[in-house]
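Novice: 3D, please:
(chains A and B)
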Amino acid sequence: MRLKLKQDYFEDIELFEDRVPIFWSVVLLGFLFALPFFVKSYYLTILMLMSVNAIVALGLNLLVGNTGQISLGHAGFVAIGAYTAVLLTKAGAPFIVSFAAAGVVAALFGILLGVPSLKLEGPYLAIATLAFGLAVTVIIGRMDFLGGRMGVSVPKLSLKWTGLKYDTSLYYLIIIITILLTIFTRNFVKSRIGRAFQAIRDSDIAASSIGINLTKYKLLSFGLSATYAGLAGALWAFYLGFISPTNFNFILSIMFLATIVVGGLGFVGGSIMGAVVMTFLNIQLENITDVPILGSLIEKFSEAFMMHSAISNVSWVFTGLILILIVLFEPMGLYGIWLRVKLYWKTWPF
Amino acid sequence: MILQLIISSIVAGSIYALMGLAMSITYKASEIPNFAQGEMGMVSTYITFVALSSFGMSFLPALFFTLLFAFLLGVFLEFAFIRRAKNPTPLSFIIITIGFQLMLYGFAGWKWGADQRRLDLPFSETKTIIQAGDVTISELNLATVAIAILMMGGIYLLLNKTKLGLAMKASQQNEKAAQINGISTKRILAISFGISSMVGAIAGILVAPIITLDPSMMWDPLLKGFAAAVLGGMKSLVGVVIGGFMLGLIENIFGFYISIEFKSVVAFVIIVVILYFKPEGLFGKHYVRKV
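Specialist: Below you'll find the model as predicted:
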């Protein structure tokens, strides 16, 4: 048994509790960086998608999990980031400029959306954010210089100087940005601002009575969350190579929310786990008939009772079922399971 | 022309109001915004479709079976999922209903495919009832408005004049006190889910002939109905109905005179602006929460 007791308040805000997570983090980093030399580029694209989703999830989790506000319109911020990046890259800006601009523009819109949301909560806030998400896609669809509804193709980044294949260098770029943002977020939630967010989530009235400026911190939370989504949007655009307003529909917003709920609300690790698992599931569920045992059962059932040509809809049924089961049986999400398992082994055999 | 616009706003508004009422009933009972409402109505409408076309029933028995199914579906949602939630937060209910929505959407797509089907009701869209000048009212428009008004009256009577309505109000206002007085609050909640699902099914049957019957047909009415309910104040029945008609009016007037493409966006933007000044909706009562 190896339990470490905390003796100092500052140990609460340390990035790593002891040397074990540092070791495993280094192993994971080494694995991620060595991966392009071993696997096909198909797997790299999956990992890129996971990373981009993880960035959105990190930001959304700050807003939903840490500050306790809900957003059903995050796809709107992703769209804003993606289109900003594309526009600037087409105008000849280097990657770092268009990437940063994507974050800044999304943040401005986040603060803009945050203003009416200050007074709202529950379903009222849900409708306001949902309206924003819908409005963004309709307005982008109307703007001809953004490609309108037909979409726009994204210019390739100039990554020749790395001397690697385009896919590989894009992979490194996305992975490095994701890792930096993860470390930043982990520090951030333990900072003064991060703790203010949590106070607002637990009780906004109590928080304001101990001197937390609700307006400032709620706007900050919206802005920061939107920044993450904007940055992810920029990376997403470069990863996909082609974007259109239909990419950023209401379903995408729901999937982002689902990602953090499955992963674990309010945990940085939860955002990452949720993004990895949900992305993987989405890809797997599209070819559910290839899954051993279950796949053939579903196929038989489908042939007997359902419209067999529409079997791809099964993925919706399973996604919905997973969401419900996670909320019912593990409200802390996958990260909650991980914490329980960890605690079990730390205190084993008691 | 303005008259025709007002008529189509009233038709759209009555559907929004019905969806809004369906959401409002469960929200009043449990503070759960039911995002699955639209999909529950959609699946129920498919039941009508199957009863009419595959079993060759006439309309009224088909409607009976649809409403029965819708009621059971609502009770199922409450009994199987909502009731099982441990230490629920508002967000976990939203996730549960979104999960149920995705399940129903997938199920309908799997069972009936994405084909757009025609639901044949006894009142048709092409038959004109009133024609005065440039104003035409079709049979379907008239039936939609009439059924919606009947439903609104029915819901009002049910919630305000019956024992069941009283029990619903009691269990919503103070769960413990209601239980002490012998009300099974869980059963009441299940029944309110069933009733709201029936209202949603009626809305679905009225929507299906206007836009064809397919698994995604209720997306728009759900969001608009929800928005209408929020606009009027989720907990006020009168407010929800007025919100529904207002939304229909705003949408149609704007769509005709300014831009048809932005009509739904503008409706939402107006709602956000109104919510900024009245956060609890136009007719909602303001609650002050305590720590």
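
Novice: Give me the pLDDT value at residue 223.
Specialist: All of this is about chain A. Listed pLDDT for A:Gly223 reads 95.

Novice: think we crossed wires, I meant chain B
Specialist: Reading off the model, B:Leu223 has pLDDT 85.

Novice: go on, B:Thr45?
Specialist: 93.

Novice: From chain A, how far off is it?
Specialist: In this view, B:Thr45 and chain A are 17 Å apart by Cβ to the nearest Cβ, to the nearest Å. Where you see a C-beta, it was placed from the backbone N, CA and C, and this is true even at glycine.

Novice: count of neighbours near that residue?
Specialist: Residues lying near B:Thr45 (other Cβ atoms under 10 Å in any protein chain shown) number 27.

Novice: Find the nearest non-adjacent residue to it, please.
Specialist: B:Gly204 (3.8 Å; Cβ to Cβ, 6 or more residues apart in numbering or on different chains).

Novice: just the strands in the stretch 1-150 of chain B please.
Specialist: Assigned by DSSP state E, counting those that start in this stretch, the stretch 1-150 of chain B shows strands spanning B:128-132, B:135-138.

Novice: These: lowest mean pLDDT?
Specialist: strand B:128-132 (a mean of 76).

Novice: wait, is the residue nearest to B:Thr45 part of a strand?
Specialist: No: counting by DSSP: H, G, I helix; E, B strand; the rest coil, B:Gly204 is not found in a strand; it is helix.

Novice: For A:Gly148, see how far away the nearest residue to B:Gly99 once chain neighbours are set aside is.
Specialist: Once flanking residues are discounted, B:Gly99 sits nearest to A:Leu323: 3.4 Å by Cβ to Cβ, 6+ apart. A:Leu323 sits 34 Å away from A:Gly148, going by Cβ to Cβ, to the nearest Å.

Novice: more neighbours, those two?
Specialist: Per other Cβ under 10 Å, whichever of A:Leu323 and A:Gly148 has more neighbours is A:Leu323, with 25 against 14.

Novice: Which residue does chain B have closest to chain A?
Specialist: Residue nearest to chain A within chain B (Cβ to the nearest Cβ): B:Gly106, separated by 2.7 Å.

Novice: Surely that residue touches A:Ser315?
Specialist: Yes: between B:Gly106 and A:Ser315 there is a contact at 6.9 Å, judged by Cβ atoms under 8 Å.

Novice: Just want to know which of those two has more residues nearby.
Specialist: Per other Cβ under 10 Å, whichever of B:Gly106 and A:Ser315 has more neighbours is B:Gly106, with 24 against 21.

Novice: What helix or strand is the residue nearest to that one when sequence neighbours are not counted located in?
Specialist: Spatially, and ignoring its direct neighbours in sequence, B:Gly106 is nearest to A:Trp316 (2.7 Å; Cβ to Cβ, 6+ apart). Applying DSSP states H and E as the criterion places A:Trp316 in helix A:314-329.

Novice: What does A:Val154 show for phi and psi?
Specialist: Dihedral pair for A:Val154: phi -100, psi 130, per degrees, to the nearest 10.

Novice: Was I right to think the residue nearest to B:Thr45 contacts B:Glu39?
Specialist: No: if you go by Cβ under 8 Å, B:Gly204 and B:Glu39 don't touch, sitting 9.3 Å apart.

Novice: Mutual contacts of those two, please.
Specialist: B:Met218 (Cβ atoms under 8 Å, 6 or more residues apart in numbering or on different chains).

Novice: could you give me the average pLDDT of stretch A:107-116?
Specialist: 90.

Novice: count of residues packed around residue 239?
Specialist: This is for chain A. 21.

Novice: that answer is for a different chain, and I need it for chain B
Specialist: Around B:Gly239 sit 24 other residues, with neighbours defined as other Cβ under 10 Å.

Novice: any low-confidence regions in chain B?
Specialist: Along chain B, segments meeting pLDDT under 70 span B:286-291.

Novice: in it, which helix has the most residues?
Specialist: Assignment by DSSP state H gives helix B:2-30 as the longest helix of chain B.

Novice: Could you tell me the angle between that helix and strand B:128-132?
Specialist: On the basis of axes from the mean of the first three to the mean of the last three Cα atoms, to 10 degrees, helix B:2-30 is oriented at 130 degrees to strand B:128-132.

Novice: I'd like to know which residues of the stretch 51-200 of chain B are adjacent to chain A.
Specialist: Contact residues, the stretch 51-200 of chain B versus chain A (Cβ under 8 Å from any Cβ of the partner chain): B:81, B:84-87, B:90-92, B:94-96, B:98-114.

Novice: which among those end up buried?
Specialist: Buried by 16 or more other Cβ atoms under 10 Å in any protein chain shown: B:81, B:85, B:90-92, B:94-96, B:98-113, out of those.

Novice: quick one: which of the residues you listed sit in helices?
Specialist: Assigned to helices by DSSP H, the following of these qualify: B:90-92, B:94-96, B:98-112.

Novice: quick one on the thing from earlier: please identify the deepest-packed of the strands of the stretch 1-150 of chain B.
Specialist: strand B:135-138 (a mean of 16; mean count of other Cβ atoms under 10 Å in any protein chain shown).

Novice: Can you tell me what sits against that one?
Specialist: Contacts for strand B:135-138 (Cβ under 8 Å, 6+ apart): B:Leu3, B:Gln4, B:Ile7, B:Ser124, B:Glu125, B:Thr126, B:Lys127, B:Thr128, B:Ile129, B:Ile130, B:Gln131.

Novice: Spatially nearest residue to A:Leu252 (excluding sequence neighbours)?
Specialist: Distance criterion Cβ to Cβ, 6+ apart; nearest residue to A:Leu252, sequence neighbours excluded, is A:Ala75 at 4.0 Å.

Novice: Pull up the gap between the one you found and B:Thr144, please.
Specialist: For A:Ala75 relative to B:Thr144 (Cβ to Cβ), the value is 33 Å.

Novice: Next: A:Phe188.
Specialist: In this view, A:Phe188 and B:Thr144 are 52 Å apart by Cβ to Cβ.
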